[in-house]
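In: just the structure for this:
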Amino acid sequence: MAITQRQDGEVTILDLDGVLMADRGVPEFRETIRTLLEQGRTQILLNYDLLYMDDAGLDEILKAHATVTKHGGMIKLSGLTRPNRFPGLAGFNLLAVLEVHEDELKALASFRGN
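Out: The predicted structure follows:
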């Protein structure tokens with residue numbers, strides 16, 4: 001998985017591309033979140049452009065959400081316009097746990113309270 005990191009004011013944007021699976025992507029994602037928290041970056045936007053995510057990937061996003069929330073921050077999702085890209089989203093309502101926006105601009109505005 002490729003993770004591209006960008007900054008927009010206080011919001012760190014992580015572009016997630018490829019697959020997020022136990023053996024591919026999860027360790028990199030976990031390390032990226034850990035590093036951001038060490039740097040005091042707690043406003044995180046995940047641009048979801050994954051081709052596939054298994055249960056381990058879903059679990060890691062939920063763990064990251066819980067950890068960032070404990071640090072007083074938040075994780076939001078954008079780009080999840082086709083939930084069928086990950087069939088597990090139907091079985092577990094990720095959308096009830098994370099705030100999801102149809103695109104990056106709307107997600108960034110939500111961080112600013114717009």
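In: low-scoring pLDDT stretches of this structure, where are they?
Out: In the predicted model of the chain, residues 80-95, 114 satisfy pLDDT under 70.
In: quick one, helices of it?
Out: With DSSP state H as the criterion, the chain has helices at 26-38, 55-70, 88-91, 94-97, 104-111.
In: to residue 46, which of those lies closest?
Out: Nearest to residue 46 among the helices of the chain is helix 55-70; the distance by Cβ to Cβ comes to 7.2 Å. From N, CA and C alone the C-beta is placed, and that goes for glycine too.
In: quick one: that closest one to helix 26-38, angle?
Out: 10 degrees (axes from the mean of the first three to the mean of the last three Cα atoms, to 10 degrees).
In: show me what contacts the residue sitting nearest the centre point of the chain?
Out: The chain has residue 46 as the residue nearest its centroid, 3.4 Å off, counting by Cα atoms, centre = their mean. When contacts are counted by Cβ atoms under 8 Å, 6 or more residues apart in numbering, residue 46 touches 14, 16, 61, 75, 76, 77, 78.
In: can I get the residues you listed in a markdown table with neighbour count?
Out: Listed next are those as a markdown table, based on neighbours: other Cβ atoms under 10 Å:
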| residue | neighbour count |
| --- | --- |
| 14 | 19 |
| 16 | 24 |
| 61 | 22 |
| 75 | 23 |
| 76 | 19 |
| 77 | 21 |
| 78 | 23 |
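In: among those residues, which are in strands?
Out: Within the contacts of residue 46, residues falling in strands by DSSP state E are 14, 16, 75, 76, 77, 78.
In: for those, which one is nearest residue 56?
Out: Nearest to residue 56 among the ones in strands among the contacts of residue 46, with distances taken as Cβ to Cβ, is residue 16, at 14.3 Å.
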